[in-house]
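Novice: next input, structure requested:
(4 chains)
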Protein chains: 4
Amino acid sequence: MTAINVQSHLTYEVALPTSFAFSVVAARTSRQSVSDERIDVTPEAELSLVTYDSDTRQLLRLAAEPGRLELSYRARVVVDPRITDPASLAEVPFAEIPADVMPYLNPSRYCESDKLGDFAARHFGYLQPGHDRVQSISNWVNGNLLYAPGSTDATSSTTDVLLQRAGVCRDFAHVAISLCRALGIPARYVSGYGVGVEPQDFHGFFEAYLGGDWYLFDPTGMTSGTGLVRVGSGRDAADAPFATLVGQAMLVDKVVEVTVEDPTVEDPTDGPIEGDSIATSIA
Amino acid sequence: MTAINVQSHLTYEVALPTSFAFSVVAARTSRQSVSDERIDVTPEAELSLVTYDSDTRQLLRLAAEPGRLELSYRARVVVDPRITDPASLAEVPFAEIPADVMPYLNPSRYCESDKLGDFAARHFGYLQPGHDRVQSISNWVNGNLLYAPGSTDATSSTTDVLLQRAGVCRDFAHVAISLCRALGIPARYVSGYGVGVEPQDFHGFFEAYLGGDWYLFDPTGMTSGTGLVRVGSGRDAADAPFATLVGQAMLVDKVVEVTVEDPTVEDPTDGPIEGDSIATSIA
Amino acid sequence: MTAINVQSHLTYEVALPTSFAFSVVAARTSRQSVSDERIDVTPEAELSLVTYDSDTRQLLRLAAEPGRLELSYRARVVVDPRITDPASLAEVPFAEIPADVMPYLNPSRYCESDKLGDFAARHFGYLQPGHDRVQSISNWVNGNLLYAPGSTDATSSTTDVLLQRAGVCRDFAHVAISLCRALGIPARYVSGYGVGVEPQDFHGFFEAYLGGDWYLFDPTGMTSGTGLVRVGSGRDAADAPFATLVGQAMLVDKVVEVTVEDPTVEDPTDGPIEGDSIATSIA
Amino acid sequence: MTAINVQSHLTYEVALPTSFAFSVVAARTSRQSVSDERIDVTPEAELSLVTYDSDTRQLLRLAAEPGRLELSYRARVVVDPRITDPASLAEVPFAEIPADVMPYLNPSRYCESDKLGDFAARHFGYLQPGHDRVQSISNWVNGNLLYAPGSTDATSSTTDVLLQRAGVCRDFAHVAISLCRALGIPARYVSGYGVGVEPQDFHGFFEAYLGGDWYLFDPTGMTSGTGLVRVGSGRDAADAPFATLVGQAMLVDKVVEVTVEDPTVEDPTDGPIEGDSIATSIA
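Specialist: Predicted structure coming up:
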């Protein structure tokens, strides 16, 4: 169990009346509880907080008039991940994948898994199926991609990123997700906050469906499984941006802070991702 | 209300033990009722019929051993679409789009709406928002794309199709969906059966979210709103193939037959898609 | 015969020692004579003017130290195009295309003619071969692409431009060249100066190989065949940029001026490109 | 000096009258002399042999009527490459690259060097410029691409090949050429015959412009510099196919045989490409 304090502060210059939908609020799941939560908007605006995705996810909506808009979010999130022995986590045979999990086998905008069948088979097909194989994929992404802010943009998909072998956290996650799907392993994108992300920012990572549950991986290697706070999840980053808007507004500042409440408490799961890491799930 | 008899017959040569998931069974919705349904598999196999997507959709699963496999499906489907005056159907402002509809604004594997913002604005941005605008998009696709079986394959996305200006029903639907999303109109792919599809085959069309409900469009112009039987829906065709399989098998024959039970009964909604067509919904 | 005064003025901020190669000097051909030519560089630098491409083309080279660099070019160019009846210009059968013209049938970086076979055949395959068919291609490009500065960049190729249906002069030329090559008509890119280009800038157009010679077309419709001054030509714009450089420098100003010396003299070839325009060649 | 016997035998089923242009005849250069040459065509046809590219290259043309067409070519080619110490071969500064070599710095259809600037700089930018750097590029291609016939087709370019990390000889050459150009090193594609190519086929390799001349590299590692016979060269494989045709004909058989005349003679340059290999030039 880890208590994590998260904060995000977004500042926009709004040019025309604009409708915003923010995904910055920590999700409510059986393994993640939220307290001391506070949302501040300047100037004051009517907020609506819509709950969806089986009541786990909070969409924050507001309408803004021209001028400066500031949104501050803070919360204390206690994450109590299920910790499982990786060796016990098998890949689920196609015939047993639940119907509502099957879409996470399909290619998506940023994860063209249908184009990577040969590549994935050649690089990972010979590995023993299971959690370790997904960990190998995550490690391969970590070792073969350069973490380079500015090297990609909102249109960059897995094929672009694999070509230039560089990207940021969302790109790392996209490549790993694509490789999993190409091997028949359901995988999905998760947005949230991560302890240890440097420079501090919103974070993107992924989950693979193993042994009947969703397990966390961070191909950037910057966080451990117990340092991740879930906001939303989806097919890929298209489903989980921190903000979408219709109107006209420019993001002029973004500050994110994530701290472990009592870092002196020993955390058996802390540390960089390794082949022998434990398996954690907060879904 | 229209009674439609649908049949599909698939024959595979199975080379290795193979796990199949078929999406050929008519959906159960409040506007579509199914009777006289029959599923035959030769050789006999254990079938599982999984219900999902709010209990509307049926996934048919089976395991096949090497050899010939035949799957026959037939049903009588009574479609009772909600018929609405198109003029009354407004586009829904972003702030009022329900959270579970919002993913249908996002780009997907075959619908890279994020790349078509300028194009869509230039061609359709000046039109009055509402059902007529979506109908204009559907008509434009119909008029500017050549219907050419063999011109596209499973990797062809909207950008490929728009470039060559040719494709089949799924490509027509993808282009229209992409253009809608680029304009802020939620749109989704629907797979099913269509009266009048020539040559007879499974059909792909789309729905746009207008006035708080999903309305049907067929950019191929081959069917009317009341001649469509829903099987499944999703972000794009990746979510609604008639079959997915893991193992090794080759489709060697596919026969689809769709007939209106009593075509002499006058159907006010019958006819090609036109600018003044009525709006129909079977969601 | 037309006398055209051309001027170009380029200003760079040079950050590191930089080696420049400029293609701004009017070509010397049997149909284009150059006088009153003047090249000024500030600060003074040693210039080398390299003649190549059968002695028609001038490459201007210089090395610049950090600081501001200004290059001014001016010349009086008398263009005496060969004027031919379009109806007499046939496409050249493949077996008779000279070996040194054959590369202009091949796809190039910005002209992926190999991907446009079906599209070109569908749109222009039914037309009578000859100058009129190329004119139809040029007119089609003019009518179906939006002239939109800023809509493309240095990586945009024909497939990108055809997708978004927008671009600038080089993109217009690339699309037309690609369509010609896809139909078996050799075509090449020409860079230069054009009377009537609005806003004034360097210009890009193309030539098709017809009846044993190269004939001019401007798909932007901004110039006539006798208002074009050739600087260089190549497979596509990659071969004919106005400047290439190694080092580090930023273009901070670019001014181009092109004027007809005595516009009151009646020019039978003046006017926008039309289906019944005359055929002109300055190669 | 090496004497190499080359043979190629092509069989077509011609469906409609077809005009062929073959590039199978060994080039005549100061370092490659051809004797005992024989061209046979069945049924007999009028051949034209066009000499171009500074009289080094032979284009073989013929017109075929419907029916079977067989073309046999054989020759004895004595290759006397210039052998140079790699350590003495510097990259040529941009300012000193001759104007007619400059096009080989430009991106081309299959070599999108403009998209690989960051990638090339990251992987090879830190290496000492010169022959060894190009050898490192060639070795990297050899070590990071899988040689897999069937993995690519005529539309596959460097970006496609780098993505899937697999291809055949032409793809290996394209990737290496693109990386060279991205670093400012002129590079061109060479088609021909290679001793040791397995399975025997026409071969594709590349030359880089170093120290004022063109030097050979074979990223497949299948041949040594003295086992290569030049047929043609160009920007990329688009410029040097073994056959182009207009009409309708299907290649039904292709047999290539390349043997060293006296393999017992010790060849100091024989052996796989290594970092310490000698530099050879036959341009």
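Novice: now the strands for the stretch 1-150 of chain A?
Specialist: For the stretch 1-150 of chain A, the strands defined by DSSP state E, counting those that start in this stretch cover A:2-22, A:32-42, A:48-52, A:57-64, A:67-79, A:82-84, A:146-147.
Novice: the fifth one pairs with which strands?
Specialist: Put plainly, it is strand A:67-79. Its sheet considered, strand A:67-79 pairs with strand A:2-22 (antiparallel), strand A:32-42 (antiparallel) by DSSP bridges.
Novice: can I get the strands of the stretch 1-150 of chain A in a markdown table with mean pLDDT and mean neighbour count?
Specialist: Where you see a C-beta, it was placed from the backbone N, CA and C, and this is true even at glycine. Shown next, in a markdown table, are the strands of the stretch 1-150 of chain A (pLDDT from 0 to 100; neighbours: other Cβ atoms under 10 Å in any protein chain shown):
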| stretch | mean pLDDT | mean neighbour count |
| --- | --- | --- |
| strand A:2-22 | 97 | 19 |
| strand A:32-42 | 96 | 14 |
| strand A:48-52 | 92 | 13 |
| strand A:57-64 | 95 | 20 |
| strand A:67-79 | 97 | 18 |
| strand A:82-84 | 92 | 15 |
| strand A:146-147 | 96 | 14 |
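Novice: now the ones you listed in CSV, with distance to A:C111?
Specialist: Compiled in CSV, these are given as follows (distance: least, Cβ to Cβ, whole Å):
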stretch, distance to A:C111
strand A:2-22, 23
strand A:32-42, 25
strand A:48-52, 22
strand A:57-64, 20
strand A:67-79, 26
strand A:82-84, 25
strand A:146-147, 19
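Novice: how about the nearest residue to A:G117, chain neighbours excluded?
Specialist: Leaving aside its sequence neighbours, A:G117 sits nearest to A:A182 (Cβ to Cβ, 6 or more residues apart in numbering or on different chains; 5.3 Å).
Novice: show me the contacts for that neighbour.
Specialist: Going by Cβ atoms under 8 Å, 6 or more residues apart in numbering or on different chains, A:A182 touches A:S113, A:D114, A:L116, A:G117, A:F119, A:A120, A:A121.
Novice: switch to 7 Å and redo it
Specialist: A:S113, A:L116, A:G117, A:A120 (Cβ atoms under 7 Å, 6 or more residues apart in numbering or on different chains).
Novice: and A:D236, how far from A:S178?
Specialist: 9 Å (Cβ to Cβ, to the nearest Å).
Novice: more neighbours: those two, which one.
Specialist: A:S178 (30 against 27; other Cβ atoms under 10 Å in any protein chain shown).
Novice: what is the burial count for A:Q128?
Specialist: Around A:Q128 there are 10 residues (other Cβ under 10 Å).
Novice: hmm, I was thinking of A:D85
Specialist: Residues lying near A:D85 (other Cβ under 10 Å) number 9.
Novice: where does the stretch 151-283 of chain A dip in pLDDT?
Specialist: Where the stretch 151-283 of chain A drops to pLDDT under 70, the residues are A:263-277.
Novice: so which residues of it form helices?
Specialist: In the stretch 151-283 of chain A, the helices defined using DSSP state H, counting those that start in this stretch lie at A:158-164, A:169-182.
Novice: deepest-packed of the ones you listed, please.
Specialist: helix A:169-182 (a mean of 28; mean count of other Cβ atoms under 10 Å in any protein chain shown).
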